[in-house]
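[1] Give me coordinates for this.
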Amino acid sequence: MFVPGDGERGSPAASDTAADARAATRDEEKRVALQRMRTTATFMLAIMLALLFASAAFEAAHPWLHWCRAFAEAAAVGAIADWYAVVALFRRPLGLRIPHTAIIARNQERIAESLGRFVAEHFLTSRNIVGKLRGHNAAKSLGVWLADPGNSRQAAAAIAESVPALIDGIEDAQFARSVERAVLPHLRRLDASRLAAGVLGAVTERRRHQWLLDRALAGMERWVTANEGLLKAKFSEVSKYTPGRLDTYIVDRFVGGIVALLREAAANPHHELRLQFDRAVQDLAARLRTSDDCRRAGRTLMRDCVRHVRNEGHCRALWERTRARVLADASREHSILADVIAGALVSLGKGLADDAAIQRRLNAWWLGLARAMACRYRHHIPALITDVVKGWNAEDAGRRIEAEIGRDLQYIRINGTWVGGIAGVMLHAAALLVAR
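    Reported below is the predicted structural model:
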């Protein structure tokens, strides 16, 4: 049976729980990485401030420290400015209600609507989706995947596991009513005569009916041989005035002739009995196809069968028996249903992987379906994104977005420190040149 593993298989609840656990783990890893980069950027600011104060304190004794002071002063200004800009995106710096801060929290609804609209206009277009899918032979990939017995067993196990829940959700009376409404009316109108003629035509097309004649000839031979005594007794009853030895002689010769005839017909594919059997079957098929009497008899037979099935409650009995067998099979370690489905999927996959014509038809159908789905539902996913983002708590929204891009923003703080320091040295050098 299907065994859940790694959070990818099993019941939907188990998969959701595993997915939530993985998401929580990733969020924690992002939080730790963000905190590490934030600490690094803050530490660099602290170093620049320390260097600035030290340079200012000892610049009178060591004039060359004015270069260090210029670097540290500009670097500290750049680091503070970048810190303010980064913090202002997500919260109010130092808790002060400065205008145009906590930008994400204050504009959460507008950001959510813009994000949804951006996804709809630039990603979920039929041109983008179909263009991406057109270059991939999805039908062949599916066939190759299903042709692997391991993959087919996984898919079959998932299907087989869903069958008991589906069956339990169907009531006996509901199933019986569905069969009576959807199946029995069609059976009542079914032309049983023409159907039988078609079956006979399919059987005789490649002389498959001769196999039935072979079995019939063998059975007749066994019956005649086994009932020779019965034939003698019956012959003696109707021939009361002939001697017993004569009866025995006649019956023995009769049985021997019949057995010989049956063996000749079984050994000779062109025997007269076989030809007569062929003609009889063909004549029967023609009568079933054209005779009004046969057609009326067939309709009467189907009406009687439908009436019998409805009156005797066979639909409900058949459903109860089928459900019991399926549920019993599903509880087994090696499910027959799963094995049958797996075998069918493997065969389907091999046929699909080797048939280019079917691949083209399936790919064309798949692209048409993708185009229709994109046109019909392209606004549903953006609407879902918008609703989810709007539903976040303001602090939660800021925390989630900061966890995704916060490390890059901390790099901006670090780079701002170095760029500010270099710019400060260059400006200080330019000022000295101008002063001279």
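[2] Quick check: chain neighbours aside, which residue is closest to the residue positioned nearest the centre of the chain?
    Central residue of the chain (Cα atoms, centre = their mean): Ala155, 7.8 Å from the mean position. Residue nearest to Ala155 in three dimensions, not counting chain neighbours: Leu345, with 5.9 Å by Cβ to Cβ, 6 or more residues apart in numbering. C-beta: built from backbone N, CA, C; applies to glycine.
[3] can you check Ala397 too?
    Gln108 (5.4 Å).
[4] was I right about that neighbour contacting Gly391?
    No: taking Cβ atoms under 8 Å as the definition, Gln108 is not a contact partner of Gly391, at 9.8 Å.
[5] Looking only at neighbour counts, state which of these two leads.
    For the pair Gln108 and Gly391, the greater number of neighbours falls to Gln108 (20 against 11), based on other Cβ atoms under 10 Å.
[6] show me what contacts that one?
    By Cβ atoms under 8 Å, 6 or more residues apart in numbering, Gln108 lies in contact with 389-390, 392, 394, 397.
[7] where does the stretch 301-436 of the chain have low pLDDT?
    309-316, 394 (pLDDT under 70).
[8] Mind listing what's buried along the strand or helix carrying Gly150?
    Using DSSP states H and E, Gly150 maps to helix 149-168. Neighbour-count burial for helix 149-168 flags 151-157, 159-161, 163-164, 167 (criterion: 16 or more other Cβ atoms under 10 Å).
[9] Just after the helix ranked longest in the chain, pick out the following helix or strand.
    The longest helix of the chain (DSSP state H) is helix 12-58. For helix 12-58, the following helix or strand on the C-terminal side (DSSP H and E) is helix 65-90.
[10] Now the helix or strand that that next one is followed by - C-alpha only, CSV.
    Remark: after helix 65-90, the chain's next helix or strand is helix 103-106, criterion DSSP H and E. Output of helix 103-106 as CSV, limited to C-alpha atoms (Å, rounded to 0.1, in the frame of the first residue of the first chain):
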residue,chain,number,x,y,z
ILE,A,103,6.0,52.4,4.5
ILE,A,104,5.0,48.7,4.0
ALA,A,105,2.7,48.6,7.1
ARG,A,106,0.9,51.8,6.1
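[11] Quick one: mean pLDDT for helix 103-106?
    Per-region confidence: helix 103-106 scores 75 on mean pLDDT.
[12] Tell me the gap between that helix and the middle of its chain.
    40 Å (Cα atoms, centre = their mean, to the nearest Å).
[13] Show me what that helix is packed against.
    helix 65-90, helix 394-435 (3 or more Cβ pairs under 8 Å, 6 or more residues apart in numbering; DSSP states H and E).
[14] Highest mean neighbour count out of those helices?
    Comparing the helices and strands packed on helix 103-106 by mean neighbour count (mean count of other Cβ atoms under 10 Å), helix 65-90 ranks first with a mean of 20.
[15] Now do that one and helix 394-435, the angle between them.
    Between helix 65-90 and helix 394-435, the angle comes out at 150 degrees (axes from the mean of the first three to the mean of the last three Cα atoms, to 10 degrees).
[16] what does stretch 383-398 rub up against?
    Stretch 383-398 is contacted from outside by 89-91, 102, 104-105, 108-109, 111-113, 115-116, 119, 400, using Cβ under 8 Å, 6+ apart.
[17] if you set the cut-off to 6 Å instead, what comes out?
    For stretch 383-398, the external contacting residues (Cβ atoms under 6 Å, 6 or more residues apart in numbering) are 90, 104-105, 108-109, 112-113, 115-116.
[18] Would you mark the buried spots in whichever strand or helix holds Leu345?
    For Leu345, the host element (DSSP H and E) is helix 336-354. Under the neighbour-count criterion of 16+ other Cβ under 10 Å, helix 336-354 has 337-338, 341-342, 345-346, 349, 352-353 buried.
[19] Tell me the one of those residues nearest Val238?
    Nearest to Val238 among the buried residues of helix 336-354: Leu337, at 58.7 Å, using Cβ to Cβ.
[20] Against Gly351, how distant is that closest one?
    21 Å (Cβ to Cβ, to the nearest Å).
[21] again, but for Leu200
    Counting by Cβ to Cβ, the gap from Leu200 to Gly351 is 30 Å.
[22] just Arg361 next, same as before
    13 Å.
[23] With Arg303 instead?
    Distance, Arg303 to Gly351, by Cβ to Cβ: 40 Å.
[24] Likewise for Ile401?
    49 Å.
[25] same check, this time on Gly398
    54 Å.
[26] do Ser335 as well
    From Ser335 to Gly351 the distance is 24 Å (Cβ to Cβ).
[27] Could you tell me how far Thr322 is located from Gln154?
    For Thr322 relative to Gln154 (Cβ to Cβ), the value is 25 Å.
[28] Pop the domain breakdown of the protein in here.
    1-26, 182-330 (automatic domain parsing).
[29] what's around Glu272, how many residues?
    That count, for Glu272 with other Cβ under 10 Å as the rule, works out to 11.
[30] From Leu261, how far out is it?
    Computed as Cβ to Cβ, the Glu272 to Leu261 distance reads 10 Å.
[31] next one: Val203
    Separation of Val203 from Leu261 (Cβ to Cβ) stands at 24 Å.
[32] Next: Ala342.
    50 Å.
[33] Check which helix or strand the residue nearest to Ile167 when sequence neighbours are not counted maps to.
    Of all residues not flanking Ile167 in the chain, Arg323 sits nearest, at 5.1 Å (Cβ to Cβ, 6+ apart). Element membership for Arg323 (DSSP H and E) is helix 314-330.
[34] What is that helix packed up against?
    For helix 314-330, the packing partners by 3 or more Cβ pairs under 6 Å, 6 or more residues apart in numbering; DSSP states H and E come out as helix 149-168, helix 172-182.
[35] average pLDDT for the longest one?
    Throughout helix 149-168, pLDDT has a mean value of 83.
[36] Give the other helices and strands that it contacts.
    helix 314-330, helix 336-354.
[37] switch the cut-off to 8 Å
    For helix 149-168, the packing partners by 3+ Cβ pairs under 8 Å, 6+ apart come out as helix 138-147, helix 314-330, helix 336-354.
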